[in-house]
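> here are the coordinates; sequence isn't available:
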């Protein structure tokens, strides 16, 4: 898909990079690119310029919009004039709520982008990346995955720094699913901490949550080892151990007796795990996949069960082996 000569040339050359999305994550990625000496434009729905203007001569386009905005933005980009060598990077973690059925899996952001720009390489960026810590210059690592490894390496060179280490991975499905599915478990862990259930309970929840992520991820065709890497276990640990995580904050707030509307009113940005939970539970039911933690999170978000009852339901499940 990509022109390898052009990509090799860009490894050490300043690029023109357009970041779509001016939220915390988009702003952070834009700052990382500027720090490497690239020419960076940031565009959002509130920008005075047209998207076409922001895309002009872009070597790389980074999408950091919420899941609900991906389709509309990808459609605008599809209709725009784009350089033939442009690489698209998606930094959104979520499942498309308007797709998926008993026979078809819900679409991931990279799949929406690839359908919109079929002649361009698409790269997924995902990992344990709390934007506030990265903005403070604290060390972090992430993963870029693509079916076009030359494009992934270009993104790796473009955004890496002494405090932001980027690895490549060919398993685009596993990298994207790891970052998406962990948000559901983060809501559960936030609830656990909000109820002050202790370290043992939290460790059990994170571990069984990872097993749940691997179960559905491999069912979709991802490689199990990817989920033990930065975009799976790494992202899960970061999200489940920080009050900076929006999904963790949702679970914590519900455990403290707040309604979901009250929690969301105080939240900065989007908690993607809420939408992901709804899509995931529906899919798991259609395909007969056991997802007990996700199921209880879904019931909790719908106010069908209290946080205490959700924990009790998990603890009282039938006895079974840890590994099947």
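Great, that's in hand. Only a predicted model underlies this, so the values are computations on that prediction, with no experimental measurement involved. Numbers count the residues shown, from 1 in each chain.
> going forward, measure contacts and count neighbours with C-alpha atoms only.
Will do.
> Contact partners for the most centrally placed residue in the chain?
Closest residue to the average C-alpha location of the chain: residue 93 at 2.2 Å, with Cα atoms, centre = their mean. Shown in contact with residue 93 (Cα atoms under 8 Å, 6 or more residues apart in numbering): 66, 67, 109, 126, 176, 179, 180, 272.
> Which pLDDT value goes with it?
Note on residue 93: pLDDT of 94.
> ok, it to residue 18 distance?
From residue 93 across to residue 18, the span is 19 Å (Cα to Cα, to the nearest Å).
> sorry, back to before: which of the three states applies to the residue nearest to the centre of the chain?
Under DSSP: H, G, I helix; E, B strand; the rest coil, residue 93 falls in the coil class.
> Can you read off the backbone torsions of it?
Per-residue torsions, residue 93: phi -120, psi 110 (degrees, to the nearest 10).
> Likewise for residue 54?
Per degrees, to the nearest 10, the backbone of residue 54 is at phi -70, psi -30.
> so it touches residue 44, yeah?
No. Using Cα atoms under 8 Å, residue 54 is not in contact with residue 44; the gap is 9.8 Å.
> before we move on, which element is residue 41 in?
strand 39-43 (DSSP states H and E).
> tell me the average confidence for that strand?
Summarised as a single mean, pLDDT over strand 39-43 is 97.
> which neighbours does that strand have in its sheet, and in what orientation?
According to DSSP bridges, strand 39-43 has the following sheet partners: strand 16-20 (parallel).
> and the next helix or strand after the partner strand, which residues are buried?
Under the assignment DSSP H and E, the closest C-terminal helix or strand after strand 16-20 is helix 24-35. Under the neighbour-count criterion of 16 or more other Cα atoms under 10 Å, helix 24-35 has 24, 25, 26, 27, 28, 29, 30, 31, 32, 33, 34 buried.
> and if you look at stretch 292-308?
Buried, per 16+ other Cα under 10 Å, within stretch 292-308: 292-301, 305-307.
> Need the contact partners of it.
Stretch 292-308 is contacted from outside by 184-185, 187-188, 191, 195, 209, 212, 254-255, 260, 274, 277-278, 280-281, 310, 313-314, using Cα under 8 Å, 6+ apart.
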